[in-house]
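In: Model the structure of this input:
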Amino acid sequence: MVIGVVTWSYPPEKSGLAVAAREIAQSLAALGHDVRVLTLDRGGRGRDGAVEIVGAADGLSPLLRGLRKLAVVGHLAAPLAFARVARREHAIRPFDVIEGTNWYAPLAALARSAIPVVTRCSSPVAETVEQRATLRNRLDAAMARWLEAAGARASAGIISNSRAHGRKIAALYGVAAPSSPLHAVVGLSLSPAFLGSASVARFPDPLTGPVRVLFVGRPERRKGFDAVIEAIALLADAPVDFTLVGIAPADLGSVPLANVTCHHRLDQADLLSEFERAHVVLCPSRYESFGLVYQEAMAFGRVVLACKEDPSAREFVGEPGGGILAARCDGPAIAEVLRDLLEDRRTLSDWRERALATAGRFDRGSLGTETETFYRNCLQRAGMG
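Out: Next up is the predicted model:
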């Protein structure tokens, strides 16, 4: 098949959407498909192994760049640019199918076009955007939510990353439930390079020195960052060292910094080193569409500390027994779990073994094969397979 993957950004950009786009594209290319990625974070053309990279920024005409600055209707600019580039590429080498994220609906202008469209759903705008409640922000968010729902409903098929997330998407957008042939559940993958590093990583001695806790995320309420700050303050006198990746010292406010190290940005090699140094990976999100960090932590055999509030944490961490779920997403609940681990450090090794036993469910092989099967089913229903 000739496949297009539309994304807002692509590595070396380190956002979750960029990494997901790479994994989707590479998993399909490994099966022999002709894959082009259309990404808005650059112009020109390039390659990432077998995948062709097409810069969609070339589709942002001066008129669209001006439109993008406007309230509400500005959300139309990027979908129009993507549609312009996709149609140009389709004329060069016709796509069998094109897929893109639901987030801010980059494929909205291609809905019901001659190119079959599949929407793969990450966390929607309704769950991810944290802004001051100004009139403009409320109108912008309403427009984004409408575009997402309209684009999803016009798609030939929907892919969600987990069962719980699929149910939420179905209710939010008014699309088929994940039990329907129109809505598949396909987990994302970890890169072979990441899995290779994880497979040889040693576990730090759990019985000596401080317990090292790693948080990888953004300073957002959805990511549970408020709970992280509370827990740090409550454990200021305990033998616990916190490493926060994606966080600047200014984000901590008045929290004591004696046992905290912040890295606003890290390259991949340094991030892998931080995973290896950690005993515990703290990921107290309130909502994740999939939660790659859960899979990353388990691949390294680190103690996963998540929260029951997140349905994906319950599905991928709690149900298989691969990690610990705090009763609530707040500082006292997280601090209580960490104090229990400190009281009997041998349990760190026990949870490491449980994490390793749970890891390995998601790789490029399963991602590519399950995605390919769903594409073919969508095309057959459309009379194009």
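In: now the end-to-end length of stretch 227-246.
Out: Stretch 227-246 has an end-to-end distance of 16 Å (criterion: CA to CA, to the nearest Å).
In: Start the count at 50 instead of 1 going forward.
Out: Done: numbering now begins at 50, and the last item shifts to stretch 276-295.
In: May I have stretch 73-89 exported as PDB, CA atoms only?
Out: Output in PDB follows, covering the C-alpha atoms of stretch 73-89 (Å, rounded to 0.1, in the frame of the first residue of the first chain):
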ATOM      1  CA  ILE A  73       3.700   4.200  13.000                       C
ATOM      2  CA  ALA A  74       5.500   5.100   9.800                       C
ATOM      3  CA  GLN A  75       8.500   2.800  10.500                       C
ATOM      4  CA  SER A  76       6.300  -0.100  11.500                       C
ATOM      5  CA  LEU A  77       4.400   0.100   8.200                       C
ATOM      6  CA  ALA A  78       7.600   0.600   6.200                       C
ATOM      7  CA  ALA A  79       9.100  -2.500   7.800                       C
ATOM      8  CA  LEU A  80       6.200  -4.500   6.300                       C
ATOM      9  CA  GLY A  81       7.100  -3.300   2.800                       C
ATOM     10  CA  HIS A  82       4.600  -0.400   2.400                       C
ATOM     11  CA  ASP A  83       5.500   2.800   0.700                       C
ATOM     12  CA  VAL A  84       5.200   5.400   3.500                       C
ATOM     13  CA  ARG A  85       5.300   9.200   3.300                       C
ATOM     14  CA  VAL A  86       5.200  11.300   6.400                       C
ATOM     15  CA  LEU A  87       3.700  14.800   5.900                       C
ATOM     16  CA  THR A  88       4.900  17.000   8.800                       C
ATOM     17  CA  LEU A  89       4.200  20.700   9.500                       C
END
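In: so where's this protein shaky on pLDDT?
Out: Applying pLDDT under 70 to the chain flags residues 177-179, 434.
In: element containing the nearest residue to Ala175 once chain neighbours are set aside?
Out: In space, and not counting its chain neighbours, Ala175 is closest to Arg194: 5.7 Å by CB to CB, 6 or more residues apart in numbering. In short, each C-beta sits where N, CA and C put it, glycine included. Using DSSP states H and E, Arg194 sits within helix 184-202.
In: Over to Glu385?
Out: helix 380-392.
In: before we move on, what about Ala120?
Out: Using DSSP H and E, Ala120 is not contained in any helix or strand.
In: how close does it sit to Pro128?
Out: Applying CB to CB, to the nearest Å, the value for Ala120 to Pro128 is 16 Å.
In: follow-up on the earlier one: run me through the strand neighbours of the following helix or strand past the helix holding Arg194, direction for each.
Out: Scanning forward in sequence from helix 184-202 by DSSP H and E, the next helix or strand is strand 206-209. Strand 206-209 has its sheet partners listed here by DSSP bridges as strand 166-170 (parallel), strand 232-234 (parallel).
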